[in-house]
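J.: Got a predicted model here, sequence first, then my questions.
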Amino acid sequence: MADTIASFYRFAPIADPASARDALEALATDGALRGTVLVAREGINAQVAGCANAIDAFVAAVCRRFDWSDLRVHRAPVDAAPFRRLRVRVRDEIVALGCESDPERTGARADAARWDALLAERDVTVIDVRNHYEVALGTFDGAIDPGTAAFRDFPAWAEANLDPARDRRIAMFCTGGIRCEKASAWLRARGFDDVVQLDGGILGYLDAADAHAGRWRGSCFVFDERGAVGRGKELPKAR
């Protein structure tokens, strides 16, 4: 029975994604974990659920295999299994932007306190990188909603609506940070020098921010059977 859900990602070269997929599938199966693990040449993106000890063992095994001593993992308790089965897949990208982006050139990271300060500064363009359905459930005060249906729509929106001569300071956020890793690197490659991303995404912010000082409004959509988490009214499960 699942009591913990864990998510992590890492942009790092994976020479043989198929072999990595087989190894990760075996490790997750041994721990009776359910969820989704995506493997590509650019890295790994995982969201799995199971008992806490099995989650810890899986994460430790992943770190040993890929020599990731500083892997950051977001853990949260769950009352019921949020996934029906385990899926481990090889993909072209671990999050689909649809164009090249160098994850080594991402924006600077801001913790929850720094993020709140950025939101209060008038010359900062704050962008919600998620899709319009996610934004409708909750977002930060004053954030721009690009109105995109999918993450791969972001580059076209940015090209039409952002200008490095005008938008000199940009702050970006998404659910757990992975989309901002790609989007911020994509912007920096196009002349946007001062780009900041919310460290750990909305989930990390909700873990860290004081309930009375937090600037988040609503709930945060998550890609599992919970539907949404965070502050706000109860929401139906995701379809």
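T.: Good, I have the coordinates.

J.: what about stretch 183-193, start to end distance?
T.: End-to-end span of stretch 183-193 (CA to CA, to the nearest Å): 13 Å.

J.: just stretch 191-200 next, same as before
T.: Using CA to CA, one end of stretch 191-200 lies 24 Å from the other.

J.: Give me the contact list for it.
T.: 72, 74, 106-111, 115, 118, 162, 164, 167-174, 176-177, 180-181, 184, 187-188, 204-205, 207-208 (CB atoms under 8 Å, 6 or more residues apart in numbering). All C-beta spots, glycine's among them, are computed from the backbone N, C-alpha and C.

J.: so what are the domain limits for the chain?
T.: 4-90, 103-229 (automatic domain parsing).

J.: This protein: strands as residue ranges?
T.: Assigned by DSSP state E, the chain shows strands spanning 4-11, 34-40, 43-50, 74-77, 86-90, 108-110, 125-128, 138-140, 169-173, 194-198, 216-218, 220-221, 228-229.

J.: Could you save those as JSON lines and add columns showing mean pLDDT?
T.: Conversion of these to JSON lines gives the following (pLDDT from 0 to 100):
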{"stretch": "strand 4-11", "mean pLDDT": "94"}
{"stretch": "strand 34-40", "mean pLDDT": "96"}
{"stretch": "strand 43-50", "mean pLDDT": "96"}
{"stretch": "strand 74-77", "mean pLDDT": "89"}
{"stretch": "strand 86-90", "mean pLDDT": "98"}
{"stretch": "strand 108-110", "mean pLDDT": "95"}
{"stretch": "strand 125-128", "mean pLDDT": "97"}
{"stretch": "strand 138-140", "mean pLDDT": "93"}
{"stretch": "strand 169-173", "mean pLDDT": "97"}
{"stretch": "strand 194-198", "mean pLDDT": "97"}
{"stretch": "strand 216-218", "mean pLDDT": "88"}
{"stretch": "strand 220-221", "mean pLDDT": "78"}
{"stretch": "strand 228-229", "mean pLDDT": "58"}
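
J.: In CSV, list those along with mean neighbour count and distance to residue 58.
T.: Listed next are the strands of the chain as CSV, based on neighbours: other CB atoms under 10 Å; distance: least, CB to CB, whole Å:
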stretch, mean neighbour count, distance to residue 58
strand 4-11, 22, 8
strand 34-40, 22, 10
strand 43-50, 24, 7
strand 74-77, 14, 12
strand 86-90, 16, 11
strand 108-110, 17, 25
strand 125-128, 22, 31
strand 138-140, 21, 30
strand 169-173, 24, 27
strand 194-198, 23, 26
strand 216-218, 17, 29
strand 220-221, 22, 24
strand 228-229, 20, 21
